[in-house]
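# Structural data only, the sequence is not supplied:
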């Protein structure tokens with residue numbers, strides 16, 4: 001059985017077990033099982049994924065910069081990636097606002113039991129603060145805290161400096177290549193525990209949240225889910241087809257393992273190792289591009305989070321009877337794009353970003369308490385949308401730069417055994433027969 005199949009079974013099993021535990025409602029059972037065992041295994045697995053991120057980004061990005069070999073090409077790749085990420089985020093939130101206005105979630109909603117103390121607020125950053133904070137005052141501290149934008153900036157500077165030193169950087173380049181391979185091998189080890197981690201994560205979420213939380217805010221959930229799926233399966237696939245000419249159905253098939261991990265962990269950063277393996281070994285994107293676009297996308301490309309902010313703003317505007325008008329919605333788009341640049345790809349950060357948006361358009365922040373109950377499950381879906389957008393941009397940029405092996409992309413078995421993501425028994429049997437024949 002392939003690891004991907006095991007992970008999907010773990011997800012399904014966690015869903016069933018979680019709902020059953022929620023229905024039983026036993027305090028003692030939930031105490032040692034849900035808050036104890038499931039929480040421990042799930043947290044350990046997510047920590048294991050996060051453990052991989054900084055070393056993988058550092059060494060793969062250095063190898064990528066050295067692999068490009070031309071500072072002008074590096075600037076072109078970075079410029080294309082940044083523009084595409086910002087554009088897709090703006091399109092995502094605009095789509096969400098339009099869909100929200102058409103469906104009208106929140107109209108006639110009766111506010112009951114809102115606990116405003118649960119809401120964490122945040123101040124909106126200025127444009128100057130966002131870009132000033134990209135430059136780290138302490139690179140070691142940035143790596144320790146996992147500040148991806150600062151890490152990416154510093155590592156690119158290191159890579160450019162190594163390029164400028166020419167032949168003297170040869171030993172450094174070989175060392176980074178080895179450390180990159182070492183990091184990838186550690187990815188294989190952590191991935192082998194994925195089915196159990198996914199099971200515990202999903203079981204814990206549904207055991208605590210249950211299904212009944214959806215009923216009071218059903219219109220919000222339906223609108224948000226519709227907008228997320230519309231962007232994932234329609235908008236992004238149209239962009240992929242128009243800008244690369246590649247088959248969207250092949251893309252959806254090959255990005256599936258990364259989507260599963262994103263859904264389970266609700267963290268774009270934690271999913272970086274899996275997304276990276278999918279776009280390089282399953283889709284044929286060269287390391288020199290993927291090592292740059294994937295971590296950058298996990299940091300600044302938050303299509304799913306932007307969609308949530310758009311739908312939530314329309315929902316709360318309807319709840320409070322506030323007419324935002326065209327100017328208000330344009331402000332929401334601008335603020336969401338700006339906030340996505342300087343916000344980490346970790347679980348729950350979307351709500352913190354939402355407080356910035358609501359403050360700018362004059363809506364009460366307390367209204368966020370209405371959607372807190374369902375946000376964890378919605379966060380899982382929107383994270384899967386976030387990383388799909390990262391992969392789409394990675395493929396488009398690589399194809400445009402001639403840094404992609406299209407034959408790998410079109411080969412359904414290419415990279416199927418990479419990182420333990422998927423092992424096709426039929427392909428494995430063919431390889432074994434070939435080996436025996438050559439022997």
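Here it is on my side, so go on. Predicted model, so just to flag it, every value in this text is computed and none were measured.
# give me the low-pLDDT residue ranges for the stretch 301-439 of the chain?
339-352, 369, 372-373, 415-439 (pLDDT under 70).
# ok, which stretches of it are strands?
Applying DSSP state E, counting those that start in this stretch to the stretch 301-439 of the chain gives no strands.
# all helices for it, in order.
Assigned by DSSP state H, counting those that start in this stretch, the stretch 301-439 of the chain shows helices spanning 303-320, 325-341, 349-361, 372-400, 406-410, 425-438.
# Kindly report the same for the stretch 101-250 of the chain.
Going by DSSP H, counting those that start in this stretch, the stretch 101-250 of the chain shows helices at 127-132, 139-145, 148-165, 170-191, 194-209, 218-230, 236-244, 248-265.
# and of those, who's closest to residue 32?
Shortest separation from residue 32 across the helices of the stretch 101-250 of the chain is recorded for helix 194-209, at 12.3 Å, computed as Cβ to Cβ. C-beta coordinates here come from the backbone N, C-alpha and C atoms, glycine included.
# roughly how far is the closest one from the heart of the chain?
18 Å (Cα atoms, centre = their mean, to the nearest Å).
# what's in contact with that helix?
3, 6-7, 9-11, 13-15, 17-19, 21-22, 30, 34, 37-39, 41-42, 44-46, 48, 260-261, 264-265, 373-374, 376-377, 380 (Cβ atoms under 8 Å, 6 or more residues apart in numbering).
# Now do the same contact list for residue 371.
Counting by Cβ under 8 Å, 6+ apart, residue 371 makes contact with 217, 220, 312, 315, 378.
# I meant residue 271, not that one.
Residues counted as contacts of residue 271 (Cβ under 8 Å, 6+ apart) are 49, 258, 261, 262, 265, 298, 383, 387.
# go with 6 Å
Each residue near residue 271 by Cβ atoms under 6 Å, 6 or more residues apart in numbering is listed here: 258, 261, 262, 387.
# For stretch 378-393, which outside residues touch it?
Contacts for stretch 378-393 (Cβ under 6 Å, 6+ apart): 81, 84-85, 88, 224, 228, 232, 236, 240, 255, 258-259, 262-263, 266, 268, 271, 275, 279, 293-294, 297, 301-305, 308.
# again, 7 Å this time
81, 84-85, 88, 224-225, 228, 231-232, 236, 239-240, 255, 258-259, 262-263, 266-268, 271, 275, 278-279, 293-294, 297-298, 301-305, 307-308, 347-348, 350 (Cβ atoms under 7 Å, 6 or more residues apart in numbering).
# hang on, the earlier thing: same list (the helices of the stretch 101-250 of the chain) but as CSV, adding distance to residue 412, mean neighbour count and mean pLDDT.
Shown next, in CSV, are the helices of the stretch 101-250 of the chain (distance: least, Cβ to Cβ, whole Å; neighbours: other Cβ atoms under 10 Å; pLDDT from 0 to 100):
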stretch, distance to residue 412, mean neighbour count, mean pLDDT
helix 127-132, 41, 12, 71
helix 139-145, 38, 14, 87
helix 148-165, 32, 18, 84
helix 170-191, 21, 16, 84
helix 194-209, 22, 24, 80
helix 218-230, 24, 20, 89
helix 236-244, 17, 17, 94
helix 248-265, 7, 22, 89
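# Could you dump these into a markdown table with distance to residue 408 added?
Output for the helices of the stretch 101-250 of the chain, formatted as a markdown table (distance: least, Cβ to Cβ, whole Å):
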| stretch | distance to residue 408 |
| --- | --- |
| helix 127-132 | 36 |
| helix 139-145 | 32 |
| helix 148-165 | 25 |
| helix 170-191 | 17 |
| helix 194-209 | 23 |
| helix 218-230 | 28 |
| helix 236-244 | 14 |
| helix 248-265 | 10 |
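# show me the contacts for the residue lying closest to residue 243 once chain neighbours are set aside.
What sits nearest to residue 243 in space, not counting adjacent residues and going by Cβ to Cβ, 6 or more residues apart in numbering, is residue 396, at 4.7 Å. By Cβ under 7 Å, 6+ apart, the residues touching residue 396 are 84, 240, 243, 244.
# distance of residue 396 from residue 88?
10 Å (Cβ to Cβ, to the nearest Å).
# same thing with residue 73?
23 Å.
# out of those two, which sits in the busier spot?
residue 88 (22 against 14; other Cβ atoms under 10 Å).
# State the helix or strand in which the more buried one lies.
Taking DSSP states H and E as the definition, one finds residue 88 inside helix 71-103.
# ok now that helix, how far from the chain's centre?
With Cα atoms, centre = their mean, you get 15 Å for helix 71-103.
# Check stretch 62-76 too.
Using Cα atoms, centre = their mean, the offset of stretch 62-76 from its chain centre is 24 Å.
# pLDDT (mean, whole number) over that stretch?
Stretch 62-76 carries an average pLDDT of 76.
# now the end-to-end length of that stretch.
By Cα to Cα, to the nearest Å, the extent of stretch 62-76 from end to end equals 17 Å.
# what sits up against it?
Outside stretch 62-76, the residues that reach it (Cβ under 7 Å, 6+ apart) are 155-156, 158-160, 162-163, 173, 176-177, 180, 287-288, 291-292.
# please redo it, this time with the cut-off set to 8 Å
Identification of contacts with stretch 62-76 by Cβ under 8 Å, 6+ apart yields 77, 155-156, 158-160, 162-163, 169, 173, 176-177, 180, 286-292, 401.
# same question, stretch 31-39
Counting by Cβ under 8 Å, 6+ apart, 21, 200, 201, 203, 204, 207, 208 sit against stretch 31-39.
# ok, now with 6 Å
200, 203, 204, 207.
# Identify, from the residues you listed, the entry nearest to residue 193.
Distance to residue 193 across the contacts of stretch 31-39 (Cβ to Cβ) is lowest for residue 200, with 10.4 Å.
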